[in-house]
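# sequence and predicted structure are below.
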Amino acid sequence: MHAPPSRKPFDRTGADHIAPDCAGQNFYVIDRGLRDLLRLYLAPDDFARLEPYFDRLGALAGGRLDELARIADKHPPVLNARDAFGRDEDWIDYHSSYRDMEKIAFGDFQFHAMSHRAGTLGMDRPLPAVAKYALQYLFVQAEFGLMCPISVTDTSIHLIRKFASAELKDYLLPKMLSNDPANQWKGTQFMTERAGGSDVGAIETLARCEDGEWRLYGDKWFCSHADADVALLLARPEGAPKGTRGLALFALPRRLKDGRRNAYRIVRLKDKLGTRSMASGEIQLDGALAYLVGDADRGLKQMMEQVNLSRLSHGVRAAAMMRRCVNEAMVCARSRSAFGKTIIEYPLLRRQLLKIAVPTEQSLSMFLFAASAMDRANAGDKDAESILRILTPLLKFRACRDNIPVATGAMEVRGGNGYIEEWVQARLIRDAHVGVLWEGTSNINVLDIVMRAVGKSRAHRTLQGTLMKLLDQAASVPATFRDRLRLALDRTLAFAERVATEPALEARARQAAGALYHATSAILMTWEAAQSGTDARRALYAKLVLEHRLSAQDPLDPPICDWEHDAAEMLFSGREVALAEIAGLLDG
Ligand SMILES: Cc1cc2nc3c(=O)[nH]c(=O)nc-3n(C[C@H](O)[C@H](O)[C@H](O)COP(=O)(O)OP(=O)(O)OC[C@H]3O[C@@H](n4cnc5c(N)ncnc54)[C@H](O)[C@@H]3O)c2cc1C
């Protein structure tokens, strides 16, 4: 097989009429928002130490990694059921491009271990969450599929470290934390069964204690990273109660201590719309040996820690794919000519660009703020824990949902070429859709936000306290604008509380969660814009959110917004502006 030729480097001349793509760009260097916010959310020493890695991964994501991702997407994994001797040694073949991406992720950057031990990326302690998720964000701008095995290995390690017995830790952790490809054990999570994905309590897999060992019997219907070395899964011990209370958490090794295959089979791989580089399959458990993790009656509670970490990562992945969409759309809009003008000059196209840029910037602020809350929560801050509790499903729900129209919007900017598989837009559209399905559909995340995080934990009120302080700190932003944001937040919280308490309003849960996301992100972007060294234009995105997502508008009599024209001018000009220069636009 011949690999396709390399993309020509980024070239704005558009000499052959076809607009170029982002090939050859450094996705860290061109991302002003990310660079500013990393300075804001990371401690100065950590930023200084880690910036060379952001820069290196940014270059890889716009170069080698992007090329590998393009090839891997076209050569999906293949399942082999038997070997040449007729033995049921099921294994999956991956294209060399996928293996090369694994080397970058697990070898070079050690994504799986960076939160758990010192010694990755020159750090003398585990990386802050802000840095880890920023690196995920850069990686996923090139490759989405492999981030599933990367993240689920990271989160499996978290669960083993936190809940497993000392003996099980000794057995698994040295292998899982290794960066030696020959000895490393990667992790995964098998939960969904035919009887239920959202309805986890319907799980039918049985765990039976035989001769002092746990043996599993049943089927798992969706198993991403199907050939992982160790899977965390939920099963019901014999005699345990029905529903979620009866579920226990187990670690299932692919190989037994004597090297033989464990008693389960990968029955087949799924033929998926997206994430095609990565293998998702179905698993049949025929008395497979597994190790109980933690307390047998707290399986789901423990597993939810992994689910929540994955949800945050999914929000980051959606943010990353949206950024790639924006970058591609901007390159196109600045290069393609139609009717004698570069298309970015047309007001209608600028409006479309704003529509994909705004959710992209919102998700950037939201994931970095959530990650910084995680860092504070890990240091023992209870308020930060509460904020993270609500931000996690909020980010997962809204960013993954926004990713879909943003990907379609970016395709449209490229025109017909955007529909053709040679260009990245088609893959971005295919990959975007899984975000609203795995680790809880939109509805499941939204119910978690409104019914539990708001209704039971009251986490929205802790979030409110923090957001109010941030608004107070943004004193350089016109007071009228900040007052409007305060009012919008108050109304949003009141709405969310009504939905949480009035059963007749359950069908409005998505609307309430959406409003919560918009109010939070608008305040964050306002605060960020007011910090010295940060691009003040982030406040314009906040204003767009306030006007279009949190204020009433008559669709048949829209206001004539000169300020939007001026805002687009500033946002697309690339020219730095001081906050004072945009104060008039915020005030209006
Ligand atoms: C590519 C891919 C990879 C996956 N990988 C894994 C994996 O590695 N491990 C794993 O465990 N799972 C995995 N999944 C499964 C995924 O997590 C489930 O598909 C998902 O949780 C939804 O479950 P379901 O398919 O059973 O749909 P259902 O739960 O049947 O949902 C169907 C619809 O009903 C809605 N719904 C359900 N309950 C409610 C309610 N109370 N109120 C309102 N609406 C509701 C849902 O929102 C959805 O729209 C994967 C899925 C895909 C597509």
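Yes, it's here.
# which residues of the stretch 251-400 of the chain lie near the ligand?
For the stretch 251-400 of the chain, the residues in contact with the ligand (CB under 6 Å from any ligand atom) are 272, 275, 280. Using the backbone N, CA and C atoms, a C-beta is placed for each residue, glycine as well.
# can we see that at 8 Å?
In this structure, the stretch 251-400 of the chain approaches the ligand at residues 270, 272-275, 280, judged by CB under 8 Å from any ligand atom.
# possible to save those as CSV with distance to Gly514, neighbour count and pLDDT?
Shown next, in CSV, are those (distance: CB to CB, whole Å; neighbours: other CB atoms under 10 Å; pLDDT from 0 to 100):
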residue, distance to Gly514, neighbour count, pLDDT
Lys270, 30, 16, 98
Lys272, 27, 17, 98
Leu273, 25, 13, 97
Gly274, 24, 18, 97
Thr275, 25, 23, 97
Ser280, 29, 21, 98
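# out of these, which are inside helices?
With helices identified by DSSP state H, none of the entries of these belong to them.
# and those residues, which of them are in strands?
Among these, DSSP state E puts Ser280 in strands.
# for the residues of the stretch 251-400 of the chain next to the ligand, which one is nearest Arg351?
Comparing those against Arg351 with CB to CB places Gly274 closest, at 27.9 Å.
# for Leu489, what are its contacts?
Taking CB atoms under 8 Å, 6 or more residues apart in numbering as the definition of contact, the neighbours of Leu489 are 464, 467-468, 519-520, 523.
# next one: Arg482
Taking CB under 8 Å, 6+ apart as the test, what Arg482 contacts is 471, 474, 526.
# helix or strand for it, just tell me which one.
Following DSSP states H and E, one finds Arg482 within helix 479-501.
# and the helix or strand following that helix with helix 479-501, angle?
Downstream of helix 479-501, the next assigned helix or strand under DSSP H and E is helix 509-529. With axes from the mean of the first three to the mean of the last three CA atoms, to 10 degrees defining the directions, helix 509-529 sits at 150 degrees from helix 479-501.
# dump the helix or strand just after helix 509-529 to CSV, keeping only the CA atoms.
Per DSSP H and E, the first helix or strand lying C-terminal to helix 509-529 is helix 538-549. Output in CSV follows, covering the C-alpha atoms of helix 538-549 (Å, rounded to 0.1, in the frame of the first residue of the first chain):
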residue,chain,number,x,y,z
ARG,A,538,-13.0,37.6,24.3
ALA,A,539,-15.6,40.0,25.8
LEU,A,540,-17.1,40.4,22.3
TYR,A,541,-17.8,36.7,22.3
ALA,A,542,-19.4,37.1,25.7
LYS,A,543,-21.7,39.8,24.3
LEU,A,544,-22.7,37.6,21.4
VAL,A,545,-23.7,34.9,23.8
LEU,A,546,-25.6,37.3,25.9
GLU,A,547,-27.5,38.8,23.0
HIS,A,548,-28.2,35.6,21.0
ARG,A,549,-28.5,32.9,23.7
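# buried stuff in helix 538-549?
Of the residues in helix 538-549, 538-547, 549 count as buried by neighbour count, 16 or more other CB atoms under 10 Å.
# next, the buried residues of the helix holding Arg482.
Those would be 481-482, 484-486, 488-489, 492-493, 495-497, 499-500, for helix 479-501 by 16+ other CB under 10 Å.
# residue of the stretch 101-250 of the chain nearest the ligand, please.
In the stretch 101-250 of the chain, the residue that lies nearest the ligand is Gly197 (1.9 Å; CB to the nearest ligand atom).
# run a quick neighbour tally on that residue.
19 (other CB atoms under 10 Å).
# now the element after whichever strand or helix holds Asp375, going C-ward?
For Asp375, the enclosing helix or strand under DSSP H and E is helix 347-378. Past helix 347-378, heading to the C-terminal end, the next element that is a helix or strand (DSSP H and E) is helix 382-414.
# taking the buried residues of helix 479-501 together, which two end up most distant?
Using CB to CB, the buried residues of helix 479-501 span at most 28.8 Å, a distance reached by Phe481 and Ala500.
# any low-confidence regions in this protein?
For the chain, residues meeting the criterion pLDDT under 70 lie at 1-15.
# which helix is the longest one in it?
Secondary structure of the chain per DSSP H: the longest helix is helix 299-335.
# chain neighbours aside, what residue packs nearest to the residue of the stretch 101-250 of the chain closest to the ligand?
Using CB to CB, 6 or more residues apart in numbering and skipping residues adjacent in sequence, the residue nearest Gly197 is Phe222, 7.0 Å away.
# which residues touch that neighbour?
Taking CB under 8 Å, 6+ apart as the criterion, Phe222 is in contact with 190, 192, 197, 270, 280, 282, 438.
# the fourth one contacts Ile283, correct?
No. Proximity of Lys270 to Ile283 does not meet the contact threshold set by CB atoms under 8 Å, at 11.6 Å.
# one step back: the helix holding Arg482 near the ligand anywhere?
No. No part of helix 479-501 sits close enough to the ligand to count as contact by CB under 8 Å from any ligand atom; the gap is at least 13.3 Å.
# now swap in stretch 71-88 and tell me
No. Legend: contact between stretch 71-88 and the ligand by CB under 8 Å from any ligand atom is lacking; minimum distance shown is 12.2 Å.
# put the alpha carbons of that stretch into CSV.
Written as CSV, here are the backbone C-alpha positions of stretch 71-88 (Å, rounded to 0.1, in the frame of the first residue of the first chain):
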residue,chain,number,x,y,z
ILE,A,71,-4.5,7.6,6.9
ALA,A,72,-5.7,5.7,10.0
ASP,A,73,-9.2,6.9,9.3
LYS,A,74,-9.1,5.2,5.9
HIS,A,75,-7.7,1.9,7.2
PRO,A,76,-9.9,0.9,10.1
PRO,A,77,-8.9,-2.0,12.4
VAL,A,78,-9.6,-5.6,11.5
LEU,A,79,-10.6,-8.4,13.8
ASN,A,80,-9.1,-11.8,13.4
ALA,A,81,-11.1,-14.6,15.0
ARG,A,82,-8.6,-17.5,14.8
ASP,A,83,-4.9,-18.0,14.1
ALA,A,84,-3.4,-20.2,11.4
PHE,A,85,-3.6,-23.3,13.8
GLY,A,86,-7.3,-22.8,14.3
ARG,A,87,-6.9,-21.5,17.8
ASP,A,88,-9.5,-18.9,19.0
